[in-house]
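[1] missing the sequence, but the structure's below:
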């Protein structure tokens, strides 16, 4: 589930803060969206001890926030409390602050994984890939990871911490409301492989339009219809429903996320069918095992560039499996998500329903 606030304006058109009652209304709307659309409510209540419908204390916190960015950060915390990689709160901002090097966690240590040498030439910033980052602006990196984890929930602590490591040096306001508050530079302290400590003052490269506040918004008033008038017809009445069909997972720094090719090595004797040319949306093939012929098809995402072409290709392949195989494996490992209606296509289900051991 991808939930985004609906009452935001870009910074260029905003000169004030949301009114307290507008913040309360926005928070209640967010809670209402979860209430109506979040299927694992009871499971999260049992496993995470988080009741998304108990919002009394949250509303008290909404009343005490100092500004709109604090309010948006509170909305982030609410969604993050579900500990669900599919559910997060994002702002409509394209502002990004970047230190021009990236980090990841290896054996429990935050290490430099890549460096943009165009922005950070080696003669001025001689640190290397593999050096350990120990602090930024004198804050220990472990403390920063604790703070940033809520902005990139991945449902398990190890993956969440790796996501937080990526946010140490790349801060997107769409995920981190207060990313716009960063200074011009960051003091980054690192350890060399020999144990020596070095500190660099690295400039933040900032791009995009920051969102500084969300209001004030006008209070909408209903206008009575004149005699003989009718409400204007909505051109696309299904648009709100389609928005609720969207479900995606952000790339969690895993190999093969959204890739057409499987992340694992297929057994010897696998006869590949699809996945050789750019026009192939899927990777498929067959394998002889235990006296049976088993089909295999991988669905890398639920948002192909051409939905109709993808469904036609999928159903043609399923028809082939129906006629030529004894069973079918459907691989959706590390699928990025997309339109859940795509995987519920009646035609696809009708074809797969007659293939033994098929699971969508």
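    Yep, it's here. All figures in this text were calculated on a predicted structure; none of them were measured in a lab. Numbering: from 1, shown residues only.
[2] in the stretch 251-360 of the chain, which spans are helices?
    Counting by DSSP state H, counting those that start in this stretch, the stretch 251-360 of the chain has helices at residues 307-324, 346-352.
[3] what is the mean pLDDT for the longest one?
    Summarised as a single mean, pLDDT over helix 307-324 is 90.
[4] do stretch 147-167 as well
    Averaged over stretch 147-167, pLDDT sits at 94.
[5] which outside residues touch that stretch?
    Residues outside stretch 147-167 that contact it (C-beta atoms under 8 Å, 6 or more residues apart in numbering) are 76-77, 80, 82-85, 87-88, 102-105, 110, 144-145, 168, 175-176, 250, 252-254. The C-beta positions use only the backbone N, C-alpha and C, and glycine is treated the same way.
[6] adding mean neighbour count as columns, could you present the helices of the stretch 251-360 of the chain in TSV?
    Formatted as TSV, the helices of the stretch 251-360 of the chain follow (neighbours: other C-beta atoms under 10 Å):
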stretch	mean neighbour count
helix 307-324	16
helix 346-352	15
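[7] how about TSV for the ones you listed, with distance to residue 271 added?
    Supplementary listing: the helices of the stretch 251-360 of the chain in TSV, determined by distance: least, C-beta to C-beta, whole Å:
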stretch	distance to residue 271
helix 307-324	11
helix 346-352	20
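[8] low-confidence stretches in the stretch 1-150 of the chain?
    1-15 (pLDDT under 70).
[9] tell me which stretches of it form helices.
    20-37, 41-47, 56-64, 68-80, 141-148.
[10] got those helices as a markdown table, with distance to residue 159 and mean neighbour count columns?
    Putting those into a markdown table (distance: least, C-beta to C-beta, whole Å; neighbours: other C-beta atoms under 10 Å) gives the following:
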| stretch | distance to residue 159 | mean neighbour count |
| --- | --- | --- |
| helix 20-37 | 22 | 16 |
| helix 41-47 | 17 | 13 |
| helix 56-64 | 26 | 12 |
| helix 68-80 | 14 | 21 |
| helix 141-148 | 12 | 16 |
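[11] can I get these in a markdown table including distance to residue 180?
    Shown next, in a markdown table, are the helices of the stretch 1-150 of the chain (distance: least, C-beta to C-beta, whole Å):
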| stretch | distance to residue 180 |
| --- | --- |
| helix 20-37 | 19 |
| helix 41-47 | 31 |
| helix 56-64 | 21 |
| helix 68-80 | 7 |
| helix 141-148 | 16 |
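[12] which one of the helices of the stretch 251-360 of the chain lies closest to residue 296?
    Shortest distance between residue 296 and the helices of the stretch 251-360 of the chain, using C-beta to C-beta, is found for helix 307-324: 9.0 Å.
[13] ok, back up a step: residue 201: which of the helices of the stretch 1-150 of the chain is closest?
    Nearest of the helices of the stretch 1-150 of the chain to residue 201, taken as C-beta to C-beta: helix 141-148 at 17.0 Å.
[14] show me the contacts for the residue lying closest to residue 78 once chain neighbours are set aside.
    In this structure, residue 78 finds its nearest non-sequential neighbour in residue 58, 6.0 Å apart by C-beta to C-beta, 6 or more residues apart in numbering. Contact partners of residue 58, counting by C-beta under 8 Å, 6+ apart, are 27, 31, 74, 78.
[15] so the first one touches residue 57, yeah?
    No - applying C-beta atoms under 8 Å as the test, residue 27 and residue 57 come out as separate, 11.7 Å apart.
[16] count of neighbours near residue 51?
    A count of neighbours around residue 51, defined by other C-beta atoms under 10 Å, yields 12.
[17] now do it against residue 30, distance only.
    15 Å (C-beta to C-beta, to the nearest Å).
[18] any buried residues in stretch 77-97, and which?
    Residues 78-91, 93, 95-97 are the ones in stretch 77-97 that count as buried (16 or more other C-beta atoms under 10 Å).
[19] stretch 97-117 now?
    Going by neighbour count (16+ other C-beta under 10 Å), the buried part of stretch 97-117 is 97-105, 109-113, 115.
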